[in-house]
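S.K.: Got a sequence here, can you build the structure:
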Amino acid sequence: MHKIKRPLLLLFAVVISSIQIVAQDAEEDVTMTFSTLSWQGSIKELLYFNNGAPTPILIPNGAPGSEFTYKGPPNLSFHTQEIDEEGKHIYPTVASTTVANHQELLLIFFPTRSSIDSVHSYRILALPAAEADFTSNAFNFYNLTKKRLAIRVGEHKFQIAPGNSLIVPLATSNTQNVDVQMAANQQNNGWTMIYQSRWAPPKRRRAWVFIHGESEGTPEIRKYYQVLTQTTHSQ
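M.R.: Okay, here's the model as predicted:
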């Protein structure tokens with residue numbers, strides 16, 4: 001009877017360990033929920049795989065969409081459906097993001113620069129949708145620029161660093177429109193006013209506020225009012 005040499009035993013051990021690791025990874029599915037919002041126009045004819053089954057999804061532009069459930073690997077991806085030269089269905093990936101178990105997220109789809117006039121692909125910004133303080137009568141400001149922002153909402157004054165957010169609750173007794181001002185830190189040039197207006201209080205709703213800009217110009221500011229079962233949009 002032939003004896004198995006030690007290096008071969010080690011090789012078998014490595015192969016078996018690798019198989020076990022792959023099997024463990026394949027079993028580590030997550031379960032979470034998400035809603036979606038498109039930054040630029042509604043996105044149609046997309047799908048994602050929920051528990052292995054292709055599920056159609058519309059990414060709305062006017063307000064955050066319906067809530068979807070996802071069960072699958074941590075890489076949540078979105079696809080178009082096409083047919084290849086052999087007549088088989090293929091699912092090119094146009095966007096993806098990493099998610100974790102039990103998360104509740106709002107996924108915002110930004111078109112990539114190369115996709116605006118050609119093949120569409122998207123960058124996803126994943127935001128928590130179930131923050132305890134983000135309740136009715138509250139604004140949630142997201143600074144999606146590269147500059148520090150100073151903001152005043154009524155009597156509330158605060159600053160938000162790039163990439164950060166802040167929830168600003170209003171008193172339920174506040175039924176009047178509130179003054180809103182925003183300024184951006186221009187470093188050597190100090191602060192520059194970029195926005196001023198009067199906003200209606202959320203009133204039994206909550207409001208997502210996104211300040212977005214990737215260049216030196218004036219950033220875009222979008223505000224979305226949202227209730228539990230339906231959403232309304234205001235800019």
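S.K.: Give me the domain ranges for this protein.
M.R.: Structural domains annotated on the chain: 30-128, 138-234, as defined by automatic domain parsing.
S.K.: I'd like these laid out as TSV, including mean neighbour count and mean pLDDT.
M.R.: For glycine as for every other residue, the C-beta is placed from the backbone atoms N, C-alpha and C. Below are the domains of the chain laid out as TSV (neighbours: other Cβ atoms under 10 Å; pLDDT from 0 to 100):
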stretch	mean neighbour count	mean pLDDT
domain 30-128	15	90
domain 138-234	15	87
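S.K.: any idea what sits nearest residue 122, other than its immediate chain neighbours?
M.R.: residue 95 (4.0 Å; Cβ to Cβ, 6 or more residues apart in numbering).
S.K.: was I right about that neighbour contacting residue 77?
M.R.: Yes. Between residue 95 and residue 77 a contact is recorded at 7.0 Å, counting by Cβ atoms under 8 Å.
S.K.: Next one: residue 149 from residue 202, what distance?
M.R.: Going from residue 149 to residue 202 by Cβ to Cβ, to the nearest Å gives 20 Å.
S.K.: could you pull out the helices for this protein?
M.R.: Per DSSP state H, the chain carries helices over the ranges 6-27.
S.K.: Next one: residue 184 from residue 193, what distance?
M.R.: Separation of residue 184 from residue 193 (Cβ to Cβ): 8 Å.
S.K.: next one: residue 73
M.R.: Taking Cβ to Cβ as the measure, residue 73 falls 46 Å from residue 193.
S.K.: ditto for residue 132
M.R.: Going from residue 132 to residue 193 by Cβ to Cβ gives 33 Å.
S.K.: Beta-bridge partners for residue 111, please?
M.R.: Partner residues in beta bridges with residue 111, using DSSP bridges, are residue 122.
S.K.: That one touches residue 40, doesn't it?
M.R.: Yes. Assessed by Cβ under 8 Å, residue 111 is found in contact with residue 40 at 5.4 Å.
S.K.: Quick one: residues contacting the residue nearest to residue 122.
M.R.: Residues in contact with residue 95 (Cβ atoms under 8 Å, 6 or more residues apart in numbering) are 77-78, 109, 121-124.
S.K.: and with 7 Å instead?
M.R.: Contact analysis of residue 95 by Cβ atoms under 7 Å, 6 or more residues apart in numbering lists 77-78, 109, 121-122, 124.
S.K.: repeat for residue 218
M.R.: Per Cβ under 7 Å, 6+ apart, neighbours of residue 218: residue 194.
S.K.: Please report the distance of it from residue 125.
M.R.: Distance of residue 218 to residue 125, given as Cβ to Cβ: 20 Å.
S.K.: Could you do residue 52 as well?
M.R.: Residue 52 sits 26 Å away from residue 125, going by Cβ to Cβ.
S.K.: How about residue 191?
M.R.: Using Cβ to Cβ, we find residue 191 at a distance of 26 Å from residue 125.
S.K.: again, but for residue 132
M.R.: Look at residue 132 and residue 125: by Cβ to Cβ, they are 21 Å apart.
S.K.: Over to residue 96?
M.R.: Distance from residue 96 to residue 125, by Cβ to Cβ: 13 Å.
S.K.: Ok, residue 174 next?
M.R.: In terms of Cβ to Cβ, residue 174 sits 29 Å off from residue 125.
S.K.: what does residue 40 give?
M.R.: Applying Cβ to Cβ to residue 40 and residue 125 gives a distance of 13 Å.
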